[in-house]
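Peer 1: Need a 3D model of the sequence below.
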Amino acid sequence: MSTHTPLLQVLVVDDDLGDVALMENAFADHSVHSKLHHVADGAQAMAFLRRESPYDDAPRPDLILLDLNMPRVDGRQVLTRIKADDDLKAIPTVVLTTSAADSDIFSSYTAHANAYVTKPIDLDDFDRVVVMIRNFYGHTAALPRRTSDEAST
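Peer 2: Now for the predicted structure:
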């Protein structure tokens, strides 16, 4: 791997555009060189991850931020599909959702989520939490990368 700071490709799967905007701000205003990609539901997420139309040229994400409660295909189904797919299961997937239900936390970890974070209501707290996730996956954690995608960054 080269010595330059690699681009952190992040897939945000969330139907709340306000939360997506907050995540974009938290990633844009700080030190991690990143690109956020957004899809609004689980069906779009799976098409993105499998590089199906209209996402034929989608990069492989280094991190997935996944909401649970979405239309069409929800985050629970997406998490199960990602972690059952040999090509996708190594991608760190953080459940970032409004639900604090014990059943959602338990089922997410049972489905092999890498972390479960309840979205704070307070905007400053929301920003702080997303920055902590960004810093951990952008600076601290070693992430699996595909060499074929590094050329496209």
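Peer 1: List the buried residues in stretch 126-142.
Peer 2: 126-127, 129-131, 133-134, 137-138 (16 or more other CB atoms under 10 Å). Heads up, the C-betas are built off the backbone N, CA and C, glycines and all.
Peer 1: Inside helices: which ones of those residues?
Peer 2: Counting by DSSP state H, the part of the buried residues of stretch 126-142 found in helices is 126-127, 129-131, 133-134.
Peer 1: which among the residues you listed gets closest to Val20?
Peer 2: Val130 (10.7 Å; CB to CB).
Peer 1: Contact partners for the closest residue in space to the closest one that isn't next to it in sequence?
Peer 2: Excluding the flanking residues, the one nearest Val130 by CB to CB, 6 or more residues apart in numbering is Ala26, at 3.7 Å. Applying CB atoms under 8 Å, 6 or more residues apart in numbering to Ala26 gives the contacts 126-127, 130-131, 134.
Peer 1: Quick check: which element contains Ala26?
Peer 2: helix 17-28 (DSSP states H and E).
Peer 1: ok, then the element right after that helix?
Peer 2: strand 34-39.
Peer 1: thinking again about what came up before, please render the ones in helices among the buried residues of stretch 126-142 as a markdown table that adds distance to His33 and pLDDT to the earlier fields.
Peer 2: Below are those laid out as a markdown table (distance: CB to CB, whole Å; pLDDT from 0 to 100):
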| residue | distance to His33 | pLDDT |
| --- | --- | --- |
| Phe126 | 22 | 93 |
| Asp127 | 19 | 92 |
| Val129 | 20 | 95 |
| Val130 | 16 | 93 |
| Val131 | 15 | 91 |
| Ile133 | 16 | 94 |
| Arg134 | 11 | 92 |
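Peer 1: Tell me what the one residue sitting closest to the centre of the chain is bridged to.
Peer 2: Central residue of the chain (CA atoms, centre = their mean): Ile64, 1.8 Å from the mean position. Ile64 has these beta-bridge partners by DSSP bridges: Leu11, Thr93.
Peer 1: How much space separates it from Leu123?
Peer 2: 23 Å (CB to CB, to the nearest Å).
Peer 1: next one: Lys89
Peer 2: Lys89 is 33 Å from Leu123, by CB to CB.
Peer 1: Grab the CA positions of the helix holding Ala26 and hand them over as PDB.
Peer 2: Extracted in PDB, the C-alpha atoms of helix 17-28 (Å, rounded to 0.1, in the frame of the first residue of the first chain):
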ATOM      1  CA  LEU A  17     -31.900  13.200   4.300                       C
ATOM      2  CA  GLY A  18     -31.400  15.400   7.300                       C
ATOM      3  CA  ASP A  19     -29.300  12.700   9.000                       C
ATOM      4  CA  VAL A  20     -27.400  12.100   5.700                       C
ATOM      5  CA  ALA A  21     -26.500  15.900   5.500                       C
ATOM      6  CA  LEU A  22     -25.300  15.800   9.100                       C
ATOM      7  CA  MET A  23     -23.100  12.800   8.300                       C
ATOM      8  CA  GLU A  24     -21.700  14.500   5.200                       C
ATOM      9  CA  ASN A  25     -20.800  17.600   7.300                       C
ATOM     10  CA  ALA A  26     -19.100  15.400  10.000                       C
ATOM     11  CA  PHE A  27     -17.000  13.700   7.300                       C
ATOM     12  CA  ALA A  28     -16.300  16.800   5.200                       C
END
